[in-house]
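S.K.: Starting from these lines, generate the structure:
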Amino acid sequence: MIARLAALAALLALPATAQVQLDTGTAGTAARTSQGSGAVLRTLDKVSGEVVDVEMAVGQTMAYGALQVTLHECRYPSNNREGDAFGLIQVVDARAVEELFAGWMVASSPALNALEHRRYDVWVLSCLTS
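M.R.: Reported below is the predicted structural model:
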């Protein structure tokens, strides 16, 4: 009975040991990012099919139909300016005075954290660096 409990305790401890080894093995390899001065956003009106690319500065708010889109921050990998962009975006429905989206959008995976709206789509394409 004691041998079984000791074996069970040893098995339960294994995932924690593996986790510690994994954490220490990857701690020094985290990607460094730089902050862009703005971003290029793509907008889609699902009713008309109109697609428009818009350049926005950090802190700027633009009206798009009934939406107010604000860019709070844009980041990209420091060693690759053309690399993946991460935009901190807020989208508000001006008519209903309701926040529809607030968070990070990833250029390479727009569906990962997307705006859910029946008529409009907005997503980040890239960061502006100057």
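
S.K.: Name the next helix or strand downstream of the one helix or strand in the chain whose mean pLDDT sits lowest, please.
M.R.: Using mean pLDDT, DSSP states H and E, helix 2-26 stands out as the lowest-scoring helix or strand of the chain, at a mean of 46. Following helix 2-26 in sequence order, the next helix or strand is strand 33-35 (DSSP states H and E).

S.K.: buried residues in the top strand by length along the chain?
M.R.: Longest strand in the chain, counting residues (DSSP state E): strand 67-77. The neighbour-count check on strand 67-77 (16 or more other CB atoms under 10 Å) flags 67, 68, 69, 70, 71, 74, 75, 76, 77 as buried. Quick note: C-beta positions are derived from backbone N, CA and C, even for glycine.

S.K.: How much space separates residue 108 from residue 96?
M.R.: 31 Å (CB to CB, to the nearest Å).

S.K.: again but with residue 128, I slipped
M.R.: Residue 128 is 31 Å from residue 96, by CB to CB.

S.K.: next one: the longest strand of the chain to chain centre, how far?
M.R.: 10 Å (CA atoms, centre = their mean, to the nearest Å).

S.K.: export it as CSV, just CAs?
M.R.: Listed next in CSV are the C-alpha coordinates belonging to strand 67-77 (Å, rounded to 0.1, in the frame of the first residue of the first chain):
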residue,chain,number,x,y,z
LEU,A,67,-18.3,52.2,-35.6
GLN,A,68,-15.6,54.2,-33.9
VAL,A,69,-12.2,52.4,-34.2
THR,A,70,-9.3,53.5,-31.9
LEU,A,71,-5.7,52.3,-32.3
HIS,A,72,-4.0,52.3,-28.9
GLU,A,73,-0.8,50.5,-29.7
CYS,A,74,1.0,48.5,-32.5
ARG,A,75,3.9,46.2,-31.9
TYR,A,76,6.1,44.1,-34.2
PRO,A,77,9.2,41.9,-33.8
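
S.K.: average pLDDT for it?
M.R.: Strand 67-77 carries an average pLDDT of 95.

S.K.: Relative to the helix or strand that comes right after that strand, what are the paired strands and their orientations?
M.R.: Next in sequence after strand 67-77, counting helices and strands by DSSP H and E, comes strand 86-93. Strand pairing for strand 86-93, determined by DSSP bridges: strand 67-77 (antiparallel), strand 98-106 (antiparallel).
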